[in-house]
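> whatever this is, show me its structure:
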Amino acid sequence: MIAPGGGGGAGGRGPDPVIQQIAFLSAIVAIWACWPLVRLQIPLADQFSMTALAREHWDHRDALEPYLDQRWAWLALKHYHLWFALASLPGVIAVSIVQSVDRRTAWPIVHAPLGWLGGAALGYWLYTSFRTDSWPLAVMMPATFAFLMGAIAARLAAWPRKLKHLRGTRLRPFTGGRGGRLRARLTGGVALAGVPLAHEDETMHIAAIGATGSGKSTALRALMADACRRGDRQVVADPEGAAMSAFFQPGDVILNPFDQRCARWDLLAEVERPSDYAFLAQSLLPHLGVGDHDQWITYAQQLLAAALENHITLQLGSVNDFVSRLASAPVVELKTLCQGTPAARYFEPGGERMLASILGTLAPAIGHLRFIAALQGEPFSIRQWMRGGTGSLWLPYAANQIAALRGLISCWMNIAILETLSLPPARDRRIWFQIDELDALGRIEGLKDAQARLRKFGGCVAIGFQSFAQVKAVYGEGAHTIIENCGNLLLLRSGTSDGGGTAKLASDLIGDREVERDDISRSRTRGRFTSRSMSMQTKRTVEDAALASEIMQLANREGYVKRATSRHWVRVRFPYADYHERVRPFEPVG
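All right, here's what the predicted structure looks like:
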């Protein structure tokens, strides 16, 4: 029904007062109809009919007060205060049924008997107090309070719902932060922002998304601490060397040519089969996702692969010799170096401008190699270390070193990831690839495709970034694939931009939910007579489980976590962790 006087929407449930009137009348009918059943439980000598009791009151109307004390004292003596309370129970159930049908929920039927029981207990306590004042009041106390509290309990249980989840994303609070970390340690697992990850979750990869200061790096370092405690192997791209200074162990390897502890990476030692020339060229010169420029990068990759192949085949010297030749040798010497390869056509007469463009595209990779080629010491091969090494491989970099090291670190990470794919499958093996500030390193060529295949080799990728727009600028549309391949997600405070930005991405990752709400409409009409009415209807809507604006306002180290093997998102808050510095983040050369 629609409330008189307007104000109720189509499909409304009808004015609330009408429902209460129906419930009250139903209670009277139920009590009257069930009294004969209650009367059967009373001892035969104490039974009487209600009509006879009413007639007695009428007959003694001239001397009612003495009669009431005598008659109602007899009723108390025969325990009618309890029989009347029992007789009110059918009325309470009738009220709860009306409320349940109106609200389409069973909660009123559950709550009403509990309210009746509580009211009966309260009424019995009042009965013992009122016996000295008024027998009629004393006898009616249990029945009155039992009925009232049972009806109130039914009404409260049928109160308009704030929200009823139907399907879609569920958000749940998570209160086991410190306990979750402890449980992960005791069971030999790892935890993401305090949420323990199952063994199966780990190889489904992890993405932590959050603005500066939101706690992203804190969560990734805590994950790294768990992995180190367990003895897992790690390859870590480490901004500012913060993680390395806390978790470095004797036997670990550092790759940063501006740090005097750096191992001498040998590019030539990474070549083991003919296909490695193209593989290393792609690692050193990854595509950028820009069509025209990527074509020139392809030409430069071919020239680099050809030069590397002949340099090794003809045994022309060390890595330093190779880099020096590419950086400063005359074009005639480069032509000789590429002779007999597909890249030789770039040196044909008339192609000078094209060759100059290819060499210009190749120059950044040569510049990156110059830093590492000048190092002294035993040659180090990432591929051999992945197969037989122990501990962690650290790739630290400072903010002022990103331009010089971006290409090298992405190359090293790509080599390590793809070499893991050549290991024998082993689901119990754990090799972590930790990449905080993903967008700062440039494009890691094999990351997107390797994520889908690393699982059976025990590879676990954990990435972190601040802005999705920056990641998309590096990886193009492949950025969506990288995030989709991460089954474990940590979403922290994020910023917004045109179209919603990273906060909107986080909201989309959490997803939608279909919910049911009670919509109440109240109306008031004025005129000769003033009337008020209320109508209530249930509405189903599909909404964001977490709005982008909510994600923008999250506190530090507060956010949402989704495990790969769980259906639900949990709201988390985790503490800041300060780790003891074991080694210096950087020891500059010279």
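> going forward, measure contacts and count neighbours with C-alpha atoms only.
Noted.
> per-residue pLDDT, the residue of the chain positioned farthest from its centre?
Ranked by distance from the centre of the chain (CA atoms, centre = their mean), the top residue is residue 62, with 77.5 Å. Per-residue confidence (pLDDT) for residue 62: 78.
> for the one 5 residues further on, same thing?
Looking at residue 67, its pLDDT stands at 77.
> ok, and the closest non-adjacent residue to it?
Leaving aside its chain neighbours, residue 67 sits nearest to residue 60 (6.8 Å; criterion: CA to CA, 6 or more residues apart in numbering).
> and what of residue 439?
residue 471 (4.9 Å).
> need phi/psi at residue 43.
Here is the backbone geometry of residue 43 (degrees, to the nearest 10): phi -50, psi 140.
> surely the residue nearest to residue 439 and residue 436 touch.
No. Judged on CA atoms under 8 Å, residue 471 makes no contact with residue 436 at a distance of 11.9 Å.
> any common contacting residues for these two?
residue 465 (CA atoms under 8 Å, 6 or more residues apart in numbering).
> coming back round to it: next, the contact list for the residue nearest to residue 439, please.
Contacts for residue 471 (CA under 8 Å, 6+ apart) come out as 438, 439, 465, 479.
> also residue 544?
So residue 544 contacts 507, 508, 511, 512, 513 (CA under 8 Å, 6+ apart).
> between these, identify the one with the most neighbours.
residue 507 (20 neighbours; other CA atoms under 10 Å).
> what stretches of the chain score poorly on pLDDT?
Applying pLDDT under 70 to the chain flags residues 1-17, 160-162, 176-178, 290-291, 498-499, 518, 520-522, 524, 526-536, 590.
> follow-up on the earlier one: tabulate the contacts of residue 544 (CSV), appending secondary structure and distance to residue 541.
Shown next, in CSV, are the contacts of residue 544 (DSSP: H, G, I helix; E, B strand; the rest coil; distance: CA to CA, whole Å):
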residue, secondary structure, distance to residue 541
507, helix, 17
508, helix, 17
511, coil, 14
512, strand, 10
513, strand, 8
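> which of these sits closest to residue 75?
The closest of the contacts of residue 544 to residue 75 turns out to be residue 513 (CA to CA; 58.4 Å).
> do I have it right that the closest one meets residue 163?
No. Taking CA under 8 Å as the definition, residue 513 is not a contact partner of residue 163, at 11.2 Å.
> CA atoms only: put stretch 279-295 into CSV for me.
Presented in CSV, the C-alpha positions along stretch 279-295 are these (Å, rounded to 0.1, in the frame of the first residue of the first chain):
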residue,chain,number,x,y,z
PHE,A,279,67.4,-12.7,-25.5
LEU,A,280,70.1,-10.5,-24.1
ALA,A,281,69.6,-7.8,-26.7
GLN,A,282,65.9,-7.6,-25.8
SER,A,283,66.8,-7.5,-22.1
LEU,A,284,69.2,-4.6,-22.6
LEU,A,285,66.9,-2.8,-25.1
PRO,A,286,63.3,-3.5,-24.1
HIS,A,287,60.4,-2.2,-26.2
LEU,A,288,58.6,0.9,-24.9
GLY,A,289,55.1,0.1,-26.2
VAL,A,290,55.2,2.9,-28.8
GLY,A,291,54.8,1.6,-32.3
ASP,A,292,57.1,3.8,-34.3
HIS,A,293,59.9,3.9,-31.7
ASP,A,294,59.6,0.2,-31.0
GLN,A,295,60.4,-0.5,-34.7
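> quick check: buried residues in that stretch?
Neighbour-count burial for stretch 279-295 flags 279, 280, 281, 282, 283, 284, 285, 286, 287, 288, 289, 294 (criterion: 16 or more other CA atoms under 10 Å).
> from those, which is closest to residue 266?
residue 280 (11.9 Å).
> name the residues that touch the helix or strand the closest one falls within?
Using DSSP states H and E, residue 280 falls within helix 276-284. By CA under 8 Å, 6+ apart, the residues outside helix 276-284 that reach it are 270-271, 301-302, 304-306, 308-309, 365, 407-408, 410-412, 414-415, 444-445.
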